[in-house]
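Chemist: need the 3D shape of this:
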Amino acid sequence: METEEAKAKFIESWGKLGTDWGINRTMAQIHALLLISPTPLSANNIMEELVISRGNVNQNVRMLIDWGLVHKELRCGDRKDYFYAEKDIWKVLRQVIKHRKKKELEPMMNVLDEIAAVNGDSPETHELKKVSSEILHFSRKTDKVLDNLVKSEKNWLAGTLFNLMR
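Modeler: Reported below is the predicted structural model:
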């Protein structure tokens, strides 16, 4: 397989993986392109490489910056912005976990906290409280595990995963 073919395959696969994680395909493909690029790229470079519009590039790069996965570089004498991806995959994983917790897990736990205060003495109320309480308990445990993962060092995770696989 030649480099260009491998590059296209990586970008396409990362895009598909992104959709599985709830990220739009273009955002994931831009991230993939920046991950494998040896130098920062301008919006024009990204547009040409992925054959997408400037608006699409700008919107998705902005979201990647918000996620902490991409950074902007300014160059003296050049009006263009250049973008590069965080290359440390451990940092990428931690940023994704932080963003997903904030976007998905925390709002769900807030709703479950509200449901815990439901009034009533019917069998439906008891079942609702029981099930939502169990989900909330599991969610809080998951939240703590994810917090510890985000705070942990790369070596700790690698060692722990290696021990689990034995």
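Chemist: tell me, how many residues neighbour Glu5?
Modeler: 9 (other CB atoms under 10 Å). In this view, the C-beta of every residue, glycine as well, is placed from N, C-alpha and C.
Chemist: what about it, distance to Glu12?
Modeler: When distance is defined by CB to CB, to the nearest Å, Glu5 is 11 Å away from Glu12.
Chemist: residue ranges in the chain under the pLDDT threshold?
Modeler: Counting by pLDDT under 70, the chain shows low-confidence ranges at 154-166.
Chemist: what residue is smack in the middle of it?
Modeler: Nearest residue to the geometric centre of the chain (CA atoms, centre = their mean): Val96, 3.1 Å.
Chemist: list the contacts for Leu50?
Modeler: Contacts of Leu50 were listed using CB atoms under 8 Å, 6 or more residues apart in numbering, and they are Ile11, Thr26, Gln29, Ile30, Leu33, Val57.
Chemist: thinking again about what came up before, pretty sure the residue nearest to the centre of the chain is touching Gly22, no?
Modeler: No. When contacts are counted by CB atoms under 8 Å, Val96 is not listed as touching Gly22 (10.2 Å).
Chemist: hmm, back to that, report the contact partners of the residue nearest to the centre of the chain.
Modeler: Trp21, Trp67, Leu69.
Chemist: which of those sits closest to Ser122?
Modeler: If you rank those by distance to Ser122 using CB to CB, Trp21 comes first, at 39.2 Å.
Chemist: the closest residue in space to that closest one that isn't next to it in sequence: which element?
Modeler: The spatially closest residue to Trp21, leaving aside those adjacent along the chain, is Val96, at 7.4 Å (CB to CB, 6 or more residues apart in numbering). With secondary structure defined by DSSP states H and E, Val96 is part of helix 89-100.
Chemist: what comes up buried for that helix?
Modeler: Neighbour-count burial for helix 89-100, counted by 16 or more other CB atoms under 10 Å, picks out Val92, Arg94, Gln95, His99, Arg100.
Chemist: distance from stretch 47-65 to the middle of the chain?
Modeler: Per CA atoms, centre = their mean, to the nearest Å, the displacement of stretch 47-65 from the mean C-alpha position of its chain is 17 Å.
Chemist: swap in stretch 54-68?
Modeler: On the basis of CA atoms, centre = their mean, stretch 54-68 sits 13 Å off its chain's mean C-alpha point.
Chemist: now do the buried residues in that stretch.
Modeler: The neighbour-count check on stretch 54-68 (16+ other CB under 10 Å) flags Asn56, Val57, Asn60, Val61, Met63, Leu64, Trp67 as buried.
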